[in-house]
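Q: what's the 3D shape of this:
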Amino acid sequence: MKRALHSLSVLSILALAPAEAREFTNKAGKTISAEIESVSGEGADRKVTLKRADGKSFTIVADTLSDDDQTFISDFAAEAAKGPSAFDSVLEGKLVKLDGKRVGKFVMTEKPDYYAFYYSASWCGPCRKFTPDLVSFYNEHKDAGKKFEIVFVSSDRDADAMEAYMKEDKFPFPGVKFRSAKDKEIKQYAGSGIPCLVLLDRDGKILSDSYVDGNYVGPRKVLADLQSALGKE
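A: Next comes the predicted model:
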């Protein structure tokens, strides 16, 4: 570990670390860029295995690192302890997200407590009226670190229309790739019309729906239910 932390001049010229990497700082103020491989133990006995960009791994005692790093490690351990969600395999490799001016591949690195599937389309007037409010809600609550994810499922006529919609309304949340939007496991929560917002927990249980007993109550009711659920955390 001492060798790793004292080799910052060498590390600074290595290839860029993967997206999951971050700067870890020990209590002497020395830093290293690495990603967490695993966490074991509790309290003063907690150890973390870090992997550098060059592929080398090493294990250290967590409390030799900064308070911020220890909090990050604790959050990582809590996230890993959740285990897989009902949507891990359903969404794997199927998500895209707006990045600047382009829509590209997106990988969900966190495991949300809540998923909200948003069935919508650019040609739908009520959708275009509701979407800005959904975007504002997402930006406000995601900035506060809330554990949820909204997933856009397009009913557009083609992939270009879907991407244009995401760009025009500045979607901050991911969408299902156009060619995957009609997959049975993704469409199964959709109602007979749009906009349709469906809230589920990580086990796949429906908590709130834009349709109640076959009657359309709209997405705002679901958004209110999501806000209520987040407020209870």
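
Q: what about Lys205, how many neighbours?
A: The number of residues packed near Lys205 is 9, by other CB atoms under 10 Å. Yep, even glycine has a C-beta here, placed from its N, CA and C like the rest.

Q: could you check the distance from it over to Ser85?
A: 11 Å (CB to CB, to the nearest Å).

Q: next one: Lys97
A: Counting by CB to CB - Lys97 and Ser85 are separated by 18 Å.

Q: what are the ranges of the strands in the chain?
A: For the chain, the strands defined by DSSP state E occupy 22-25, 31-40, 47-52, 57-61, 95-99, 102-105, 114-120, 148-154, 175-176, 196-201, 206-209, 211-212, 215-216.

Q: Using CSV, lay out these together with mean neighbour count and distance to Asn139.
A: What follows is the strands of the chain, written out as CSV (neighbours: other CB atoms under 10 Å; distance: least, CB to CB, whole Å):
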stretch, mean neighbour count, distance to Asn139
strand 22-25, 17, 23
strand 31-40, 17, 27
strand 47-52, 19, 32
strand 57-61, 14, 36
strand 95-99, 18, 13
strand 102-105, 13, 18
strand 114-120, 24, 14
strand 148-154, 23, 11
strand 175-176, 24, 16
strand 196-201, 22, 16
strand 206-209, 17, 21
strand 211-212, 14, 27
strand 215-216, 11, 27
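
Q: can I get these in TSV with distance to Arg128?
A: Shown next, in TSV, are the strands of the chain (distance: least, CB to CB, whole Å):
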stretch	distance to Arg128
strand 22-25	38
strand 31-40	40
strand 47-52	45
strand 57-61	49
strand 95-99	17
strand 102-105	18
strand 114-120	9
strand 148-154	13
strand 175-176	15
strand 196-201	14
strand 206-209	21
strand 211-212	20
strand 215-216	17
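
Q: Now mean pLDDT too, for these, in a markdown table please.
A: Compiled in a markdown table, the strands of the chain are given as follows (pLDDT from 0 to 100):
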| stretch | mean pLDDT |
| --- | --- |
| strand 22-25 | 92 |
| strand 31-40 | 90 |
| strand 47-52 | 92 |
| strand 57-61 | 92 |
| strand 95-99 | 94 |
| strand 102-105 | 93 |
| strand 114-120 | 97 |
| strand 148-154 | 97 |
| strand 175-176 | 97 |
| strand 196-201 | 97 |
| strand 206-209 | 98 |
| strand 211-212 | 97 |
| strand 215-216 | 96 |
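
Q: Quick check: which of those is nearest to Ser136?
A: strand 148-154 (11.9 Å; CB to CB).

Q: Remind me what the closest one packs against, helices and strands.
A: strand 114-120, helix 125-143, helix 159-168, strand 175-176 (3 or more CB pairs under 8 Å, 6 or more residues apart in numbering; DSSP states H and E).

Q: Apply 7 Å and report the result again.
A: strand 114-120, strand 175-176 (3 or more CB pairs under 7 Å, 6 or more residues apart in numbering; DSSP states H and E).

Q: and the angle for the first one with helix 159-168?
A: Going back to what we said before, that points to strand 114-120. 120 degrees (axes from the mean of the first three to the mean of the last three CA atoms, to 10 degrees).

Q: No further queries at this time; thank you.
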